[in-house]
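J.: quick check, what structure comes out for this input:
(chains A and B)
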Amino acid sequence: MRMIVSLFVLLLMDLSAKSQEPPVPTSGNWRIYAGVTTTHLSVIDKTFSSIPYEGYNIGLCAGLKWDNGRASHEWDAYFSSGTLKTNVNPVASLTQTYLTAGYTHLYHIGPQGMSNPLELKAGGNLHLLYASRDYQGFLNNTVSNEFAASIGAALEINYVFSGVLEGFSLSDKLILPVVSCLRQPGFGGDNAPEDSRLVSYSSLLQFYNGLTLEKNITAHQKISIGYTWDFYRITVVREVKQAANRLALSYHFNL
Amino acid sequence: MTISNISIRHRISRHRITCLTLMITMLIFLSGCEKALDLKKAPHDPQAILRECWTVMDQQYALFSVKEADWNAVYREYETKTDKGMTDNDLFRVLNDMLNTLKDGHVTLLSATDTATYEGFYKDYPANFNYNNLLTTYLQNDYRSTGPVIYKIVSNIGYIYYHSFEDPITPGQVDSILAQMSGTKGLIIDVRNNSGGGSPNVDRLFSRFLVTEKLVKYELIKKGPGHDSFFDPQPYSVAPSGIPYKNPVVVLTNRACFSACNDFVLYMSGLSNVKIMGDQTGGGGSFPHNYLMANGWKLQYSATKTLSPSGLSIENGIQPAIQTGISPQDEINGRDPILEKAFQSLQ
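T.: Residues are numbered from 1 along each chain as shown, chains lettered A, B, ... in the order given. Take a look at the predicted model:
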């Protein structure tokens, strides 16, 4: 799925460069969007196993964006839930709930306007994540979860097409949380006291990259298809790694 | 071609190169990351499986101090017994032998086709119980049953047999049984061969013998991977429920009384109107947890340490106040001297 989306994006990029006319940037101050997602999740929680539990979860995403041409503010949220399984033991499964929410504040960098279809923005991000897992077929110790509130850097690249692909735009948003407040259950099991601590990226490594292709429908409405790679790795108390490959189909409305 | 057109074409070309470069970089980064970040299934071979099993136990098993096992020496010994070409069956045996050095009935290895656990805590000792003799000689096949319990009143002494705490007993069932026992001058609770099960069932039965809330044990939960890394002992208390039974009680035990049954005997032994009679219990005072290994086998291990209210480990069993047993001849003759002695003590 990832490679198909990648090839499609590369093809669009190539077509866009053949345009002879300068691009016409779209603008709007407030934008709200919502969509459905399908996510392939792979998670390893070493308290329970060294092998990944994997599967597809259906979910929802939503957000609110404000851009005044100098800075943008975006609030976003994502939720999914479903069952993950292993390849080595057909009976082993877990029920996973995964939520993220964030606020991103970006400043426009470099020249803007009709003659420059390529926009670069940089700034900061506040990111919240919560994941909980309920392992089936385990005794006594069956539940694991983590909550993290992180601040970090954010970068966004936008390209507005013109000519044949007039109305399309492509963006890539990269978020790198740096410092986090992390809460996990204790080492020894469900009844262990919870552990809360401030950690840096060395203990909680997180990475979010979202590639989105948007298409204008009307002056106020857009649809988009987006691919996000979302990864985190915790190496304190309970060692957990999770990767999520998320495809989102969203509807946008400029207020 | 005009100069402005050349400028626009140059700008577009630069944009194209920039965008393509950025996108390609992102995509390469994305496609390579999961493998680099070790999210794929870990490769496994027999030596890696043994190492994984040993490491999980090393970090998460709670009873090394009680078992007095040199776990590093165990690894050195059993590492030499694995080789790349060995079959799954052979590997299973080697892992089982390694785990059996701990002599812990809560440590179990399960594959799709096999289950292995240490049973020496009762198999190496006299049985001290014969269910058939109980039913035929003493209950004379005339008894009542409610839920998992069979019971009878003989000469104003009540007898209850709870064969496994794995089978749930409801508060209503406990009420019904003890209501019938309320007029008895004494009660025998037989938990021989009860291999444990659910703690709620233990609490549900025990709470009926309490007048006030009682501290019954301390649990030590692991804080980290070190053998002696524990949180402070967490007290565990049980509250009374219903009308308490206050008359003399004798609890019958043998070596097969294990895990939750061991807890029940611990709790009851702390009551002034209760005597424990029979053989030492099999121990098993911890909560077992599970771990799924890289080859799909499931490991069960003791993840907590339990102490009595006075701070003593109950892992190796609880001694009865009155030690008595059943000889092979007694068993052949259909006799149960443990039960007889309990009955006489309540007369």
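J.: flag the shaky bits of the chain, pLDDT-wise.
T.: Let's take chain A. A:1-28, A:112-115 (pLDDT under 70).
J.: ah, I was thinking of chain B
T.: B:1-44.
J.: one more time with 50
T.: Along chain B, the parts satisfying pLDDT under 50 run over B:28, B:31-32, B:36.
J.: for it, which strand is longest?
T.: Determined from DSSP state E, the single longest strand within chain B is strand B:214-221.
J.: give me the buried positions along that one.
T.: The neighbour-count check on strand B:214-221 (16 or more other CB atoms under 10 Å in any protein chain shown) flags B:214, B:216-221 as buried. For the C-beta atoms, the positions are set from N, CA and C on the backbone; glycine is no exception.
J.: and stretch A:96-109, by the same measure?
T.: Using 16+ other CB under 10 Å as the test for burial, stretch A:96-109 gives A:96-104, A:106, A:108.
J.: what's the most distant pair in the residues you listed?
T.: Farthest pair in the buried residues of stretch A:96-109 (CB to CB) is A:96 and A:108. Separation: 37.4 Å.
J.: mind listing the strands for the chain?
T.: No chain specified, so I'll use chain A. Going by DSSP E, chain A shows strands at A:30-45, A:53-67, A:71-85, A:93-109, A:118-136, A:143-160, A:168-184, A:195-200, A:204-216, A:221-234, A:240-254.
J.: actually chain B
T.: Going by DSSP E, chain B shows strands at B:108-110, B:115-117, B:144-146, B:149-154, B:157-162, B:186-190, B:214-221, B:234-238, B:249-253, B:274-278, B:288-292, B:298-302, B:304-307, B:322-323.
J.: okay, now the sheet partners of the third one, with direction.
T.: So that's strand B:144-146. The pairing partners recorded for strand B:144-146 under DSSP bridges are strand B:149-154 (antiparallel).
J.: adding distance to chain B, write the buried residues of stretch A:96-109 out as JSON lines.
T.: Output for these, formatted as JSON lines (distance: CB to the nearest CB, whole Å):
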{"residue": "A:96", "distance to chain B": "15"}
{"residue": "A:97", "distance to chain B": "20"}
{"residue": "A:98", "distance to chain B": "15"}
{"residue": "A:99", "distance to chain B": "21"}
{"residue": "A:100", "distance to chain B": "18"}
{"residue": "A:101", "distance to chain B": "23"}
{"residue": "A:102", "distance to chain B": "19"}
{"residue": "A:103", "distance to chain B": "23"}
{"residue": "A:104", "distance to chain B": "17"}
{"residue": "A:106", "distance to chain B": "16"}
{"residue": "A:108", "distance to chain B": "16"}
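J.: adding distance to residue B:329, write those residues out as a markdown table.
T.: What follows is those, written out as a markdown table (distance: CB to CB, whole Å):
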| residue | distance to residue B:329 |
| --- | --- |
| A:96 | 60 |
| A:97 | 62 |
| A:98 | 65 |
| A:99 | 68 |
| A:100 | 71 |
| A:101 | 74 |
| A:102 | 77 |
| A:103 | 81 |
| A:104 | 83 |
| A:106 | 88 |
| A:108 | 96 |
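J.: hang on, the earlier thing: what helices or strands is the longest strand of chain B leaning on?
T.: Packing partners of strand B:214-221 (3 or more CB pairs under 8 Å, 6 or more residues apart in numbering or on different chains; DSSP states H and E): strand B:234-238, helix B:260-269, strand B:304-307.
J.: show me what contacts residue 84?
T.: Using chain A. A:41-43, A:53-55, A:57, A:93-96, A:133 (CB atoms under 8 Å, 6 or more residues apart in numbering or on different chains).
J.: actually chain B
T.: Contacts of residue B:84 by CB under 8 Å, 6+ apart are B:45-47.
J.: ok, the residue lying closest to residue A:67 once chain neighbours are set aside - contacts?
T.: Nearest non-adjacent residue to residue A:67, counting by CB to CB, 6 or more residues apart in numbering or on different chains: residue A:29, 6.6 Å away. Applying CB under 8 Å, 6+ apart to residue A:29 gives the contacts A:66-68, A:254-255.
J.: repeat the analysis, applying 10 Å as the threshold.
T.: By CB atoms under 10 Å, 6 or more residues apart in numbering or on different chains, the contact set of residue A:29 is A:65-69, A:72, A:254-255.
J.: re the thing from before, sheet partners, orientation included, of the longest strand of chain B?
T.: strand B:234-238 (antiparallel), strand B:304-307 (antiparallel).
J.: how much space between the closest residue in space to residue A:75 that isn't next to it in sequence and residue A:72?
T.: Closest residue to residue A:75 apart from its sequence neighbours, by CB to CB, 6+ apart: residue A:64 at 4.8 Å. Noted for residue A:64: a distance of 11 Å to residue A:72, by CB to CB, to the nearest Å.
J.: neighbour count: these two, which is higher?
T.: residue A:72 (21 against 16; other CB atoms under 10 Å in any protein chain shown).
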